[in-house]
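>>> Return atomic coordinates for the entry below.
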Amino acid sequence: MYCLDTNVIIDLFRGEEKLKEKVLEGGVDQVFLTTISLCELYKGAYISKRKDKSLEEIKNFLLGGFSVASLDYSSCEEFGKIYNNLNSKGLMIPEFDIMIAAIVKANDLILVTRDKKHFANTGIKVEVW
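The predicted model follows:
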């Protein structure tokens, strides 16, 4: 099962047909997004000059049947582990991205992102579509 990173969801909003086909290929029941990505999407919508259009895109996306994975006890512990590992190696990434990685790891998902290098040291499975 897969988890879409925020940058992939934004590319879907922009109408990338090949990406949309790839996402739908296995069925939306096999594709997740995180509550963290959802927060990032809403943040972007509310600061956008096209707020209403952006909010509508999010609403339509959520109506598409994707599952939402949240922070839970297991992913919170994974967050601590990943944070410590990155910090001790001097390889920090933004904490929201560590939270996404933690949710992905705790749920044994594969993160689909446009920035594989960014998540390289988090210990999660990553694919670029």
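
>>> just checking, residue 100 touches residue 39?
No. Using Cβ atoms under 8 Å, residue 100 is not in contact with residue 39, being 10.3 Å away. Quick note: C-beta positions are derived from backbone N, CA and C, even for glycine.

>>> between those two, who's got more neighbours?
Neighbour count, other Cβ atoms under 10 Å: between residue 100 and residue 39, residue 100 has more, with 31 against 13.

>>> Next up, the contacts around that one.
3, 5, 6, 34, 36, 37, 111 (Cβ atoms under 8 Å, 6 or more residues apart in numbering).

>>> at 6 Å what do you get?
34, 36 (Cβ atoms under 6 Å, 6 or more residues apart in numbering).

>>> Would you mind putting the CA coordinates of the strand or helix carrying it into PDB?
Element membership of residue 100 [criterion: DSSP states H and E] is helix 95-106. Written as PDB, here are the backbone C-alpha positions of helix 95-106 (Å, rounded to 0.1, in the frame of the first residue of the first chain):
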ATOM      1  CA  GLU A  95       9.500  18.000  11.400                       C
ATOM      2  CA  PHE A  96       6.400  17.700   9.300                       C
ATOM      3  CA  ASP A  97       8.300  15.500   7.000                       C
ATOM      4  CA  ILE A  98       9.600  13.400   9.900                       C
ATOM      5  CA  MET A  99       5.900  13.000  11.000                       C
ATOM      6  CA  ILE A 100       4.900  11.800   7.500                       C
ATOM      7  CA  ALA A 101       7.800   9.400   7.500                       C
ATOM      8  CA  ALA A 102       6.800   8.100  11.000                       C
ATOM      9  CA  ILE A 103       3.200   7.500   9.900                       C
ATOM     10  CA  VAL A 104       4.400   5.700   6.800                       C
ATOM     11  CA  LYS A 105       6.800   3.500   8.800                       C
ATOM     12  CA  ALA A 106       4.300   2.700  11.500                       C
END
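
>>> List the buried residues for it?
97, 98, 99, 100, 101, 102, 103, 104, 105, 106 (16 or more other Cβ atoms under 10 Å).

>>> Check which helices and strands the next helix or strand after that helix sits against.
Where DSSP H and E defines the elements, the next helix or strand beyond helix 95-106 is strand 110-112. Helices and strands touching strand 110-112, by 3 or more Cβ pairs under 6 Å, 6 or more residues apart in numbering; DSSP states H and E, are strand 2-4, strand 125-127.

>>> I'm done for today, thanks for sticking with me.
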